[in-house]
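Colleague: Sequence first, predicted model second:
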Amino acid sequence: MFTTPTLDYNLLAPILIVLGGALLGVLVEGFWGKAQRANVQLIISLLSIAAAFGWIIKIHNLTSQSAAIDSVSIDGGGLFLQGTILVLSFVALLFFSQNDHFAPQASALPGSDEEASALRSGVQMTEIYPLTLFAISGMLLFPVAHDLVTLFVALEVLSIPLYIITGLARRRRLLSQEAALKYFLLGAYSSAFFLFGAAFIYGYDGSLSLGDLRTAANTPGTNHIFLLIGILFVSVGLLFKVGAVPFHSWTPDVYQGAPTPVTGFMAACTKVAAFGAMFRIFIIGFAPLQNDWRPVFIAVAIMTMVGGAIAVVVQTDIKRALAFSSITHAGFLLTAIIALSKASYTSMLFYLVAYGIATVGAFGIVTLVRDGSGEVNDMNRWAGLAKKSPGVATAFAVFLMSFGGIPLTAGFVAKFGIFTAAYATGNTALLIVGVLSSAVALFFYLRIVLIMFFKEPTDDTVTVEQPGALVTVGVLLCFFATIAIGVYPNLLYDLANKMTTLVP
Amino acid sequence: MSHGWVSAFNVKFAIGVDGLALVLILLTTVLVPIVIVGGWNESENGRWSVKTFYVLLLILEMFMVGVFSATDIFVFYIIFEVMLIPVYFLIGGYGRGDRAAAALKFLLYSLFGGLLMLAAIIGLFVVGLKQNIGSFDLTTVSHLHISHGVQNWLFLGFFIAFAIKAPLFPFHTWLPTAARSATPGTSILVLGVMDKVGTYGMIRFCLNLFPDASKTFAPYIITLALISIIYGAFLAIGQKEITSLIAFTSISHFGFIILGIFAMTSQGLTGATFYMVNHGFSTAALFLVGGWMMERRKSETISDFGGLQRITPVMAWMFFIAGMSTLALPGLSSFVSEFLVLVGTFTRYPLAAIIGTTGIVLAALYVLLLVQRALHGPLQPGNEETPDLNIREKVAIAPVVVALVFLGFYPKPVLHVVTPTTNQVMTQVSVSDPTPMAGK
């Protein structure tokens, strides 16, 4: 028997708009003339993201409801996460406007004659825009998916375009392609783990829905061993996506190899989507067994915080360093999932916004710092940047301060909230390890500030390219948002608090 | 005054002053103009413009006044941390020698302490939440019931942060580096005012919020304070440079202040508070005159200054007075405070007071050796043409010397303002002065 599915297009519209934008982008790529194609693609992408965001504002007051026969469930937290993803990807796309970061022709082999001729003739393929939109639509679906298959589909929709755009860097193409391959192989592997876990959970309760899973897990007297195995494997898939130790080893390579605008987009938005989905799965489906999985997660969170913080100290490449710093932040965010309370959900949403803004902004600045042959990621060559471009150095310092959790930046309030929520549920160890690893990571952030402000510029020192209007707007948005949220966090915090209706 | 700020955590932008805060704010606002007048040219060797220097200096003053007037723990913490940033740029941008490294070391030490305090603040807030009082207001929080075990941990979080700031042995190693690299004016503000946030915080937060834990840890802290006194003094004797000598004398003096605080007697507390003011003035005097000497001689080594007494009598006398204030000569204000601290300590911990007294003897040694090597003796080559203090410098140093002498003979204005706070703290900690021992 087959029943016609009922789809609530009103609730699915944000995802569909972005998907539509992506499809339109594919057509433009095929049929629009070369000269204006990049601009058209950019406009389509920005417009579809803005339209999707507008739609979210329109429906943000709805109470939690099922949108597509129980496989998608829209609620306040989900909408907040979708909104965050859209805002962050909008800003990240502003940095995509620097086309010279991307390979002119992705199909040409690195170093081949085809590539050389493409470079000479000024060809610039722009498939990166529709691919990014596809990834965004997957990210939008991931945190609102309500059954295991939809989750898996969303995970793949968001991951596969990311594998491709990781390999699109113009400079150091081999490194970029190596990163893409590594990301793809490990990502496919982790997807398999996820699927394997989903199969175990299906075997446990005979249903794919998270709601049924909750009912089954709450039934006393049943044997939960298959659910526990399922939780273990599903968690591996999710922890890989957020880059938690010991599933983090792809992060530095991929962050370094990907074109920098893509790194910023990926670092910010993937984390939002993955943590959003993770919290949801855990609070709905896995919460009844929290005493069983919590110790493992505490260990993972501690390893992630400490591992990221220690590794970041010895980095010399700015993109690798920011990758390790993002690993530390993943550890902080995991404390919210371990606490699994309304307060921790609110603070996680706030943290994701604060972290995302600073990340997009920081990578945006990395795209600007160059020498004659292109972007320079060696930190020692940033010496004396403040003398040459005080504005850029100040903005970067503010983003680093936000990462480090210095008061009056968004990162401080975020960190305060997330640690308070963690400690309120009795996790003293997490609070202490979190604070200590913040201190270690701070050393790295301050070292960059020191290099930029207190070292004398040398002949080797990089210059800052005069940024285009879009890029300037992007950096300024992130800069002011970081400070404004830090000084007056009320609006955002209250919004996050109001939207966290998912948690009972 | 109180105004809502971060509603999610019930943070209020609340400020207010009592006697303790008032004298420290006065100290700040008196010293900043003196530093500006006295260190008129010291921003010239900076990486950035003179304008930036004064912008940073005034931002620092704003934060220092703010930190003493915050009555909301969250606001205090924010200012406590943000205050470091102007200092970081003042040392790293306008200092001497390996200024960048000194600035980084200073900032890392302080931020590390700050993060421990953050953990304790989170802990305190959560304790409040569990009693349905989610607040950062100092008065509200001081009425919380905190179990003894939790108090101990929270106390340590706050205390280590303040001990790094103050600085207390073994958390002191950032200070000599910072003092060697900072400009004299910056050093005055760091040692003279900003470090007082540490001792201020011990009274305001450690004693007020965690009275039981304070009593538990008092003997250990007093031991550390005594080590600071003696160790700082011994190292000061061995220093060859003026700046690091002053830094080590400060470590010794902070030992006295902390001794007075944790003796928990009214004389001890009042003396410690008064000591904070006096130490601010005597450090200012030493760094001002020392800075001018170094500026003229282009050297920091003490032995290079030999014979200055005859060439530049005014400068030498001013340096001498600053030195006498450092060794707490009767008649100068630091004598009053040191005496109060030792008397206050003696009534509760006689042995500690006796050991502390040796610090005075050592102080005489390092000050007199300094004066002898720097001012007297045969004239060192290169000193013949050294000009004496000019009008601007005299204007800068005069109020400091007047304050040292005036408060030495008539300390009542300060003591009068401080005493109510002392009594309030004593009540909160629920201790009273031991009855004087009348012999056996």
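Modeller: Perfect, I can see it now. Numbering: from 1, shown residues only, chains lettered A, B, ... in the order given.

Colleague: Name the nearest residue to residue 125, ignoring sequence neighbours.
Modeller: Using chain A. Sequence neighbours aside, A:Gln105 is the residue nearest to A:Met125 in space, at 5.5 Å (criterion: CB to CB, 6 or more residues apart in numbering or on different chains). Any C-beta I mention is one placed from the backbone N, CA and C, and that applies to glycine too.

Colleague: To clarify, I was referring to chain B.
Modeller: A:Thr420 (6.1 Å).

Colleague: what about the one you found, neighbour count?
Modeller: Other residues within reach of A:Thr420, judged by other CB atoms under 10 Å in any protein chain shown, total 23.

Colleague: Make sure it is actually in contact with A:Ser344.
Modeller: No: using CB atoms under 8 Å, A:Thr420 is not in contact with A:Ser344, being 9.1 Å away.

Colleague: From the structure, what's the count of residues near A:Arg120?
Modeller: Counted with other CB under 10 Å, A:Arg120 comes out at 9.

Colleague: Can you say which helix or strand has it in it?
Modeller: Following DSSP states H and E, one finds A:Arg120 within helix A:113-121.

Colleague: ok so, going back, for the residue nearest to A:Met125, helix, strand, or coil?
Modeller: In terms of secondary structure, A:Gln105 is coil; the call rests on DSSP: H, G, I helix; E, B strand; the rest coil.

Colleague: how deep is it tucked in, by neighbour count?
Modeller: Around A:Gln105 there are 17 residues (other CB under 10 Å).

Colleague: And the closest residue to B:Ala103 other than its chain neighbours, how far from A:Ile451?
Modeller: Excluding the flanking residues, the one nearest B:Ala103 by CB to CB, 6+ apart is B:Gly92, at 3.3 Å. Taking CB to CB, to the nearest Å as the measure, B:Gly92 falls 11 Å from A:Ile451.

Colleague: Ok, A:Thr482 next?
Modeller: A:Thr482 is 21 Å from A:Ile451, by CB to CB.

Colleague: These two - which one has more neighbours?
Modeller: Between A:Thr482 and A:Ile451, counted using other CB under 10 Å, the more crowded position is A:Thr482 (25 against 19).

Colleague: so the more buried one makes contact with A:Gly361?
Modeller: Yes: between A:Thr482 and A:Gly361 there is a contact under CB under 8 Å: 6.9 Å.

Colleague: what sits in contact with each of those two?
Modeller: Shared contacts of A:Thr482 and A:Gly361 (CB atoms under 8 Å, 6 or more residues apart in numbering or on different chains): A:Phe399.

Colleague: which residues touch B:His121?
Modeller: Wrong residue type there; residue B:121 is Ile, not His. B:Ile73, B:Phe74, B:Tyr77, B:Phe136, B:Gly157.

Colleague: which ones among these are found in helices?
Modeller: B:Ile73, B:Phe74, B:Tyr77, B:Gly157 (DSSP state H).

Colleague: Could you export the residues you listed to TSV, including columns for pLDDT and distance to B:Ala285?
Modeller: As requested, the ones in helices among the contacts of B:Ile121 are exported to TSV (pLDDT from 0 to 100; distance: CB to CB, whole Å):
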residue	pLDDT	distance to B:Ala285
B:Ile73	89	34
B:Phe74	90	36
B:Tyr77	92	32
B:Gly157	90	35
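
Colleague: mind checking the end-to-end distance for stretch A:95-110?
Modeller: 24 Å (CA to CA, to the nearest Å).

Colleague: So for that stretch, mean pLDDT?
Modeller: When pLDDT is averaged over stretch A:95-110, the result is 80.

Colleague: Mind picking out the helix or strand in chain A with the poorest mean pLDDT?
Modeller: Lowest on mean pLDDT, DSSP states H and E among the helices and strands of chain A sits strand A:65-66, with a mean of 76.

Colleague: next helix or strand past it?
Modeller: Criterion used, DSSP H and E; the element after strand A:65-66 is strand A:73-74.

Colleague: Neighbouring strands - and their directions - for that next one?
Modeller: strand A:65-66 (antiparallel) (DSSP bridges).

Colleague: that older thread, surely the residue nearest to A:Met125 is in contact with A:Thr126?
Modeller: No: using CB under 8 Å, A:Gln105 makes no contact with A:Thr126, being 11.0 Å away.

Colleague: neighbours around B:Ala120, how many?
Modeller: Neighbours of B:Ala120 (other CB under 10 Å): 26.

Colleague: what about it, helix or strand, and which?
Modeller: helix B:99-130.
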